[in-house]
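Asker: Quick one, fold the following:
(chains A and B)
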Amino acid sequence: MYGAIFATHEHRKVLPELEGAAGGVVMRFAPNPSGPLHIGHARAAVLNDAYVKQYGGTYILRIEDTDPKRVDPDAYETVREDIRWLGLGITETVTQSERLPLYYDLCRQLIQRGGAYVCTCDTERFKELKMAKTACPCRDQPVEKNLDLWAKMLDHRFAEGEATVRIRTDLNHPDPAMRDFPAFRILDSPPHPKVKAHVYPLMNFSVVADDHLLGVTHVIRGKDHIANTRRQRFIYDHFGWKVPVYRHYGRMGIEGVVLSTSQMRNGIREGTYTGWDDIRLGTLRALARRGIRPEAVKNAVLAIGIGETDISFSWDNLYSENRKLVDPVANRYFFVPDPIELHISGAQSRTAHALLHPADEKRGVRTLPFTGSVVLPAAELADRSRSLIRLKDLFNVSVEHDHAHPHLTYTGDSLADARAAKAPIVQWLPADCQTPCTLRTPDGDIRGVCEPVVKTELGKVVQFERVGFAKIDAISDDGVMAYFTHK
RNA sequence: GCUGCUAUAGUGUAGACCGGCCAAUCAUGCGGGCCUUUCACGCCCGCGACUGGGGUUCAAAUCCCCAUAGCAGCACCA
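Answerer: The predicted model follows:
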């Protein structure tokens, strides 16, 4: 009977079926190690994860680090941590920079098949030809020459920009983006942090190579990859490989936070942000720091699904998911923002007991010794029409405003009286039993005081009664630093 | 500009492939009520949408066409 109290009876929508998935799937999450994961990554990561769980199979983490310009050496570990936090069922991990020889070999095979050629044209020149649907001179070189040029590329006989491998597609393709797109490039700098190389595969090549080599059966990715899917099909066709099943979800707008890795990095360097977990950022670690549970992120993302429509991410929905998780477990405490200290006339000293959780008496109580004076939120006294206030778990007081100074007088213990008078029930703290507490919100810090026992909740999410949920972020001589989670 | 995708309440989502059971689902949000020593949780009630216009049909949110809007791609990034 008691077990039912916290049960959520909501039936979760299942994701739409994927064709050809009945016998199990092989899927992958393929981030680029340029920084920590954010909500946008979480969508791809969680959706793929959910399908692997739904059909059974393997879930590959593939680190796509084939662009040394966009690799942050720290991100290899950062990404792993974020994935661990999300609780993804990764069964295998591969790193593309360790697989360069594989791509080189496949490239040679593709050239032999006539599916690719080495182009030594100037970029701008090629672009003009492409727009004019005209072949560049390199396109008709014999296979032998292409193989020779490819060997020279690997031999570092070309400098950056002097040679590139292109996939032979269809120069008359109506979409210029499809026409003989590049597959390998030469990069003299920066050096790759993990491997010594100068010839790098471009995403469309390495992705096809790995999806095939790793046996990936289904790919869920954003619709910004639709053109890539189409390009990749040319490579599959050249090799005669089986194409995975693709699904492209729509663009997701996320308001109020910074998601751009470069913007975040600059902001951190310049001191605008305190770090990757600054609450103004949309990183998973920022959410974690604020007290958002990974399951809430998962649930919110699954509810969004894989629709192709562009959507805007709803913080309300995420908060709602998180509240369901956190409300049953968060202990309750008093936090008095903007406190003003007042003496209460006519009251005897006594000790108040307040439940740590209203639905679970067994968890016990907090004790608040009242000795004559209390602090109350200034906002509660701003309304001068209020004549009666109940201090939660203590007693009722009448309020009289003598000019700017409110005077409180004890009027009784009866909860019924307070209810009858429709008196607000507010949080308070004994004047001599409180700890400074800062509540950090996206709109700025709120200074106040909280119960001293909050110090025992370090790292946990609590609920400040009538204020909202907060994660206890740090304890110091200055008091408690709490991060506002949501109402 | 070229190529393509999408269009259901404030937000997200179901229904659309196989027209009728859809005067359109669920969640969130908002409003009201109940419960309650929190403005939390829970429960109840309510608000709120098929982008527009044509067409096909006995019947269209669902199929077709046009318009409009949004988005994506057109990188030697992923």
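
Asker: Start from the N-terminal end of chain A and give the helices.
Answerer: If DSSP state H is used as the criterion, the helices of chain A fall at A:39-55, A:75-86, A:100-112, A:123-131, A:143-154, A:203-213, A:226-239, A:261-269, A:284-290, A:294-304, A:315-326, A:415-420.

Asker: Tabulate the ones you listed in JSON lines, adding columns for mean pLDDT and mean neighbour count.
Answerer: In this view, the C-beta of every residue, glycine as well, is placed from N, C-alpha and C. Supplementary listing: the helices of chain A in JSON lines, determined by pLDDT from 0 to 100; neighbours: other CB atoms under 10 Å:
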{"stretch": "helix A:39-55", "mean pLDDT": "94", "mean neighbour count": "22"}
{"stretch": "helix A:75-86", "mean pLDDT": "96", "mean neighbour count": "18"}
{"stretch": "helix A:100-112", "mean pLDDT": "97", "mean neighbour count": "18"}
{"stretch": "helix A:123-131", "mean pLDDT": "87", "mean neighbour count": "14"}
{"stretch": "helix A:143-154", "mean pLDDT": "96", "mean neighbour count": "17"}
{"stretch": "helix A:203-213", "mean pLDDT": "96", "mean neighbour count": "22"}
{"stretch": "helix A:226-239", "mean pLDDT": "93", "mean neighbour count": "18"}
{"stretch": "helix A:261-269", "mean pLDDT": "93", "mean neighbour count": "15"}
{"stretch": "helix A:284-290", "mean pLDDT": "97", "mean neighbour count": "22"}
{"stretch": "helix A:294-304", "mean pLDDT": "95", "mean neighbour count": "20"}
{"stretch": "helix A:315-326", "mean pLDDT": "96", "mean neighbour count": "18"}
{"stretch": "helix A:415-420", "mean pLDDT": "93", "mean neighbour count": "14"}
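
Asker: Can I get the ones you listed in a markdown table including distance to residue A:384?
Answerer: Supplementary listing: the helices of chain A in a markdown table, determined by distance: least, CB to CB, whole Å:
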| stretch | distance to residue A:384 |
| --- | --- |
| helix A:39-55 | 44 |
| helix A:75-86 | 49 |
| helix A:100-112 | 74 |
| helix A:123-131 | 72 |
| helix A:143-154 | 81 |
| helix A:203-213 | 65 |
| helix A:226-239 | 62 |
| helix A:261-269 | 44 |
| helix A:284-290 | 36 |
| helix A:294-304 | 41 |
| helix A:315-326 | 34 |
| helix A:415-420 | 19 |
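
Asker: contacting residues around the residue nearest to residue A:441 when sequence neighbours are not counted?
Answerer: Distances taken as CB to CB, 6 or more residues apart in numbering put residue A:484 closest to residue A:441, at 4.2 Å, once the chain neighbours are dropped. With contact set as CB atoms under 8 Å, 6 or more residues apart in numbering, residue A:484 has these partners: A:290, A:439-442, A:446, A:468-470.

Asker: What ranges in chain A fall below the confidence cut-off?
Answerer: Under the criterion of pLDDT under 70, the regions of chain A flagged as low confidence span A:1-13.

Asker: and with 80 instead?
Answerer: Using pLDDT under 80 as the threshold, the predicted model of chain A has low-confidence ranges A:1-14, A:403-404.

Asker: Outline the domain layout of it.
Answerer: A:1-113+A:194-328, A:114-193, A:332-486 (automatic domain parsing).

Asker: can you give me how far the shortest one is from the chain middle?
Answerer: Centroid displacement of domain A:114-193 relative to its chain, using CA atoms, centre = their mean, to the nearest Å, is 37 Å.

Asker: how far away is the residue sitting furthest away from the middle of chain A from residue A:414?
Answerer: Ranking residues of chain A by C-alpha distance from their mean position (CA atoms, centre = their mean) puts residue A:346 at the top, at 53.2 Å. With distances taken as CB to CB, to the nearest Å, residue A:346 is found 15 Å from residue A:414.

Asker: repeat for residue A:265
Answerer: When CB to CB is the yardstick, residue A:265 and residue A:414 sit 59 Å from each other.

Asker: Check residue A:131 too.
Answerer: Taking CB to CB, one finds residue A:131 at 84 Å from residue A:414.

Asker: and if you look at residue A:240?
Answerer: 84 Å.

Asker: Give me the more crowded residue out of those two.
Answerer: Neighbours per residue (other CB atoms under 10 Å) separate residue A:240 from residue A:414, with residue A:414 holding more: 12 against 7.

Asker: Look up how far residue A:216 lies from the spatially closest residue to the more buried one that is not a sequence neighbour.
Answerer: In this structure, residue A:414 finds its nearest non-sequential neighbour in residue A:396, 7.0 Å apart by CB to CB, 6+ apart. Distance, residue A:396 to residue A:216, by CB to CB: 67 Å.

Asker: repeat for residue A:465
Answerer: Taking CB to CB as the measure, residue A:465 falls 50 Å from residue A:216.

Asker: More neighbours: the two, which one.
Answerer: Set side by side, residue A:465 and residue A:216 show more neighbours around residue A:216, with 21 against 17, by other CB under 10 Å.

Asker: surely that one meets residue A:48?
Answerer: No - in this structure residue A:216 lies outside contact range of residue A:48 using CB atoms under 8 Å: 10.1 Å.
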